[in-house]
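Enquirer: Sequence and predicted structure, then a few things I'm wondering about:
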Amino acid sequence: MSFVQVSVLQVLGIKTDLISPGDDMAASLEKAMARSDLAFQDGDILVVSESTVATAEGRVVALHDVTPGPLALSMATKYSKDPREMELILQESDEIIGGIPGVVLTLREGFLYPNAGIDNSNAPPGHVILFPADAQKSAFEIRERMAKGRKIAVVIGDSRTHPLRLGCVGVALACVGLEPVEDARGQKDLFGRELKITRKAVADNLVSAAQIVMGEGDESIPAVIIRGAPVPISEKSVVMPTIPPQECMYIGALRCGPRPYTGSGYDNLIEQAKEAMKKAYAPYSEFRVGAALLSSSGRIYSAGNIENASSGAGICAERAAIAKAIASGEREFEAIAVVGNAVEPISPCGICRQSLIEFGEDIIVIMANGKGDVLTATVADLLPRAFTGKCLR
Ligand code: THU
């Protein structure tokens, strides 16, 4: 029998004292390593848990210091969450994609997090731990402090669930000194076929291995050293690669239908729609609607609905705005805001959806009412499988 040399992976836990806000984490880890007779060797990978990094960096917030705004209050009711926690989630995320009671799925700088990464496990009572302000910078600093001439890599790890899977796996938020994703495309499979889409999430897999030893509770093992991994260590600092949301199958599958508008990018467009609403001519229904259409050139065309004694001759606000823009020579649009005084954010009628999709499936529709409830969707979300010019070709 012959043996092939394979790597033997060691995962060495670093058991520390409790790390509190403001503590020097590198010093705490070094102290704990010395206590266990552990020292770095070239090729070692230090994995540190995100919540410990955040705690040491003082990213701990007392909930009684947080005052929830109106959006946080309404979203907290919708998702059965503490309004103060919801306020922090809104502050910490770029977009809330949706959610279930107790958890919202958020996007921040291209990363997906439950509840914007805000956690109350391992936080003192009445407190929550926010995400490290800049995990990449933290990884870099930890290596600067701890390497002492050794060739090591540092990974900051967190945990995530996969859709429909019970239980968490590791995910790397930042790393320094190793290539986080190995491109295996072009390599051959067992039958000599070229691998087409395989990329190996090296950094995430290392965090999963680390978590077998780290645990998530009161183990007091916030970091591990992974030794013997066949992962080359380099001096490079690589930003964790992500894919844009529109190329992600999970987000693509989720983003069908209106979701709460949580950004601020279209606040002015909403204001312009409200102004246009004042100029609506709606003596019959007395239901005033305003629309503001933003062209790709940056100009805004707004209008209110225009009714008629012969009801079919009336025109909705959206189409009046489209007519104004097209007559001015515009053909490409980014977004349209629509406002009406309704219980729910107003929704463009079927004819207006058809008129909008003529000029692009990706036009963002921002739907609002006077009370400040705002939803957003693309035109394609609102009019799936539309009949468009493509069908005629
Ligand atoms: N209306 C709009 O202008 N936009 C919409 O998205 C829905 C409805 C107008 C048409 C009519 O003048 C009034 O609202 C009541 O139907």
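Expert: That came through, no problem. Computed from a predicted structure; not experimentally measured. Numbers count the residues shown, from 1 in each chain.

Enquirer: Any regions of the stretch 1-150 of the chain where pLDDT drops low?
Expert: 1-5 (pLDDT under 70).

Enquirer: ugh, wrong one, I meant the stretch 151-300 of the chain
Expert: In the stretch 151-300 of the chain, residues with pLDDT under 70: 196-197, 216-219.

Enquirer: Around the ligand, which positions in it sit nearby?
Expert: Neighbours of the ligand within the stretch 151-300 of the chain, by C-beta under 6 Å from any ligand atom: 282, 285, 287, 289. Every C-beta, even on glycine, is put in place using the N, C-alpha and C of the backbone.

Enquirer: in the sheet, who's paired with the residue nearest the centre of the chain?
Expert: With distances taken as C-alpha atoms, centre = their mean, residue 107 lies nearest the centre of the chain, 1.1 Å away. Judged by DSSP bridges, the bridge partners of residue 107 are residue 95, residue 112.

Enquirer: Return the residues in contact with it.
Expert: Shown in contact with residue 107 (C-beta atoms under 8 Å, 6 or more residues apart in numbering): 93, 94, 95, 97, 113, 245.

Enquirer: Just the buried residues from those residues, in PyMOL please.
Expert: Of these, the buried ones go into a single PyMOL selection, burial set by 16 or more other C-beta atoms under 10 Å:
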select buried, resi 93+95+97+113+245
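
Enquirer: got JSON lines for the contacts of residue 107, with distance to residue 190 too?
Expert: JSON lines is the format used below for the contacts of residue 107 (distance: C-beta to C-beta, whole Å):
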{"residue": "93", "distance to residue 190": "43"}
{"residue": "94", "distance to residue 190": "42"}
{"residue": "95", "distance to residue 190": "41"}
{"residue": "97", "distance to residue 190": "38"}
{"residue": "113", "distance to residue 190": "37"}
{"residue": "245", "distance to residue 190": "34"}
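
Enquirer: If we only consider the contacts of residue 107, which is nearest to residue 172?
Expert: Nearest to residue 172 among the contacts of residue 107: residue 113, at 13.6 Å, using C-beta to C-beta.

Enquirer: now that closest one, nearest residue through space, not along the chain?
Expert: residue 106 (5.3 Å; C-beta to C-beta, 6 or more residues apart in numbering).

Enquirer: Cross-check the contact I'm expecting between the one you found and residue 95.
Expert: Yes. Under the criterion of C-beta atoms under 8 Å, residue 106 makes contact with residue 95 at 6.7 Å.

Enquirer: quick one on the thing from earlier: so how far is residue 66 from the residue nearest to residue 113?
Expert: 17 Å (C-beta to C-beta, to the nearest Å).

Enquirer: and what of residue 78?
Expert: To residue 66, residue 78 is 18 Å away according to C-beta to C-beta.

Enquirer: The residues of the stretch 151-300 of the chain next to the ligand, buried ones only, as a ChimeraX selection?
Expert: A single ChimeraX command is used to select the members of these judged buried by 16+ other C-beta under 10 Å:
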select :282,289
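
Enquirer: In helices, which of the residues of the stretch 151-300 of the chain next to the ligand fall?
Expert: Using DSSP state H, no member of these falls in helices.

Enquirer: In strands, which of the residues of the stretch 151-300 of the chain next to the ligand appear?
Expert: residue 289 (DSSP state E).

Enquirer: now for the residues of the stretch 151-300 of the chain next to the ligand, which pair is the farthest apart?
Expert: 285 and 289 (9.4 Å).

Enquirer: wait, what's in contact with the closest residue to residue 370 other than its chain neighbours?
Expert: In space, and not counting its chain neighbours, residue 370 is closest to residue 341: 4.5 Å by C-beta to C-beta, 6+ apart. Residue 341 is in contact with 287, 288, 369, 370, counting by C-beta under 8 Å, 6+ apart.

Enquirer: Would you map out the domains in the protein?
Expert: For the chain, automatic domain parsing gives the domain ranges 10-59+131-254, 260-392.

Enquirer: Roughly how far does the residue nearest to the centre of the chain sit from the ligand?
Expert: Residue 107 is 28 Å from the ligand, where distance means C-beta to the nearest ligand atom, to the nearest Å.

Enquirer: just residue 88 next, same as before
Expert: 34 Å.

Enquirer: Make sure that residue is indeed in a strand.
Expert: No. Counting by DSSP: H, G, I helix; E, B strand; the rest coil, residue 88 falls outside a strand, being helix.
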